[in-house]
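# Pasting a predicted model and its sequence here:
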Amino acid sequence: MRIDAFDYALPPGAIAQEPLPDRAASRLMVLDRARAEVGHRVVRDLPALLSRGDLLVVNRSRVFAARLLGQREGGGRAEVLLIRPLGDGVWEALVRPGRRLRAGTRVIVAEDLALRIESSATGDDSARRRVRLECAGDPAVVLERRGHTPLPPYIRRPDRPEDRERYQTVYARETGSVAAPTAGLHFTPGLLAALEARGVERAEVVLHVGPGTFRPVHVAQVEDHRVETEPYRVPAETAAALRRTRARGGRVVAVGTTTVRALETAAKEGEVSEGEGETGLVIVPGFRFRVVDALLTNFHLPRSSLLLLVCALGGRERVLAAYEEAVRAGYRFYSYGDAMLIV
């Protein structure tokens, strides 16, 4: 299929710039695949939309303050987005301006934090570098103090202190993501308790989100698209919960596309085994889902791998028609926006 079949028109004003004060108050579009119907609820209604015996699977990865703003020695601003540690104080990173941040350049972030560019641009990605941190103290503590929340570029404002908590799920525990698994931003402790009271079990995976997941698809044929690998882990207790759910006839409800990718990567002959590794799984229409029955997700960018995944589960025509209705109905799009439940 061609990528231009996954485009849609979105007014710039539909992109949410601020989160709602109440996470669970976001609107929820419910797409029923079997009936080809769309309903309109709020996220707080989720317990009424799921059934006793269903399993809700979430991604507990935690976003870290990965965005560093500083000055190049000799003058000029610099921005560095840390992606993942490579060991011995060296990180894989994206830098800006890429043409001026050559190997050997030093960037001063604060009196207790600097970094040195250790590699030159390679291949087609002129922004990718290896950088070495120079910290006066525990690097994790210094980064938390000096780094900025890596809000996506379509949120056209500087990050604020309150984003540290709001651009984070309430169940986030393991640090490693440079972008939030945003479907999980809608949950509150109260909503999680209401789901538990309903008889909906909860399990967790870890997939540390990198920047590649959100990059536009530039190939003409969607089957040719590739994404950068991301580390994931499926704990033993999650694999056991999936087996229990299948045995009792419940549904597996994934919270977010990252959870889908972790589960479907780990699936072997229809059953998920515990384990960890790197996943570069790209899910496009025609994919045979082995694990996931339903999906809670935000609204995604056109021509993105995330929209391809949603269309693979919900059907391209149905999903794009639902997106058009969401635009007409004034839904809020992207990371701080509203949600869709595909059942």
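Arrived safely.
# Only C-alpha atoms from now on, for both contacts and neighbour counts.
Fine.
# which residues sit in contact with residue 62?
168-169, 172-177, 180, 208 (CA atoms under 8 Å, 6 or more residues apart in numbering).
# Can you give me the neighbour number for the closest residue to it other than its chain neighbours?
Nearest non-adjacent residue to residue 62, counting by CA to CA, 6 or more residues apart in numbering: residue 175, 4.3 Å away. Other residues lying near residue 175 total 14 when counted by other CA atoms under 10 Å.
# which residues sit in contact with residue 175?
Taking CA under 8 Å, 6+ apart as the test, what residue 175 contacts is 61-64, 208.
# Now go through the contacts of residue 62 and say which are in helices.
The subset of the contacts of residue 62 located in helices under the criterion DSSP state H is empty.
# Columns distance to residue 343 and pLDDT on top of those, output as TSV?
Putting the contacts of residue 62 into TSV (distance: CA to CA, whole Å; pLDDT from 0 to 100) gives the following:
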residue	distance to residue 343	pLDDT
168	25	98
169	23	98
172	25	98
173	28	97
174	29	96
175	30	96
176	30	96
177	27	97
180	23	97
208	26	97
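# Could you dump these into JSON lines with distance to residue 202 added?
Shown next, in JSON lines, are the contacts of residue 62 (distance: CA to CA, whole Å):
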{"residue": "168", "distance to residue 202": "18"}
{"residue": "169", "distance to residue 202": "15"}
{"residue": "172", "distance to residue 202": "14"}
{"residue": "173", "distance to residue 202": "15"}
{"residue": "174", "distance to residue 202": "17"}
{"residue": "175", "distance to residue 202": "20"}
{"residue": "176", "distance to residue 202": "22"}
{"residue": "177", "distance to residue 202": "21"}
{"residue": "180", "distance to residue 202": "19"}
{"residue": "208", "distance to residue 202": "19"}
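# Buried only: go through these for me.
168-169, 172, 176-177, 180, 208 (16 or more other CA atoms under 10 Å).
# Show the pLDDT at residue 211.
Residue 211 carries a pLDDT value of 89.
# That one is in contact with residue 179, isn't it?
Yes - in this structure, residue 211 is within contact of residue 179 by CA atoms under 8 Å, at 7.3 Å.
# count of neighbours near residue 104?
13.
# what stretches of this structure score poorly on pLDDT?
Scanning the chain for pLDDT under 70 picks out 121-125.
# The longest strand seen in it pairs with which strands?
As assigned by DSSP state E, the longest strand anywhere in the chain is strand 77-87. Strand pairing for strand 77-87, using DSSP bridges, gives strand 67-72 (antiparallel), strand 90-96 (antiparallel).
# Any chance of those in JSON lines with mean neighbour count and distance to residue 146 as columns?
Output for the strands paired with strand 77-87, formatted as JSON lines (neighbours: other CA atoms under 10 Å; distance: least, CA to CA, whole Å):
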{"stretch": "strand 67-72", "mean neighbour count": "20", "distance to residue 146": "7"}
{"stretch": "strand 90-96", "mean neighbour count": "20", "distance to residue 146": "16"}
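# Quick one: closest of those to residue 234.
strand 90-96 (24.3 Å; CA to CA).
# Can you give me the separation between the residue lying closest to residue 250 once chain neighbours are set aside and residue 310?
Spatially, and ignoring its direct neighbours in sequence, residue 250 is nearest to residue 54 (4.5 Å; CA to CA, 6+ apart). Noted for residue 54: a distance of 20 Å to residue 310, by CA to CA, to the nearest Å.
# now swap in residue 97 and tell me
From residue 97 to residue 310 the distance is 34 Å (CA to CA).
# out of those two, which sits in the busier spot?
residue 310 (27 against 15).
# ok, then the element right after the stretch of helix or strand the more buried one belongs to?
According to DSSP states H and E, residue 310 maps onto helix 305-314. With elements assigned by DSSP H and E, the helix or strand that comes after helix 305-314 is helix 316-328.
# Mind listing what's buried along the longest strand of the chain?
78-84.
# what about residue 48, neighbour count?
11.
# my read is it is in a strand, agree?
No - Residue 48: not assigned to a strand; according to DSSP: H, G, I helix; E, B strand; the rest coil it is helix.
# With residue 30 as the reference, measure out to it.
12 Å.
# how does the protein divide into domains?
3-63+165-342, 67-146 (automatic domain parsing).
# which one of those is the most hemmed in?
domain 3-63+165-342 (a mean of 19; mean count of other CA atoms under 10 Å).
# Against the centre of this structure, work out the most remote residue.
The C-alpha centroid of the chain is most remote from residue 74, which lies 36.6 Å away (CA atoms, centre = their mean).
# Mind jotting down where the helices sit in this protein?
Under DSSP H, the chain gives helices at 46-49, 139-146, 163-166, 189-198, 236-248, 257-266, 305-314, 316-328.
# nearest to residue 18, of those?
helix 163-166 (9.5 Å).
# for residue 146, what are its contacts?
65, 68, 109-110, 113.
# Would you check that residue 262 makes contact with residue 279?
Yes - between residue 262 and residue 279 there is a contact at 7.4 Å, judged by CA under 8 Å.
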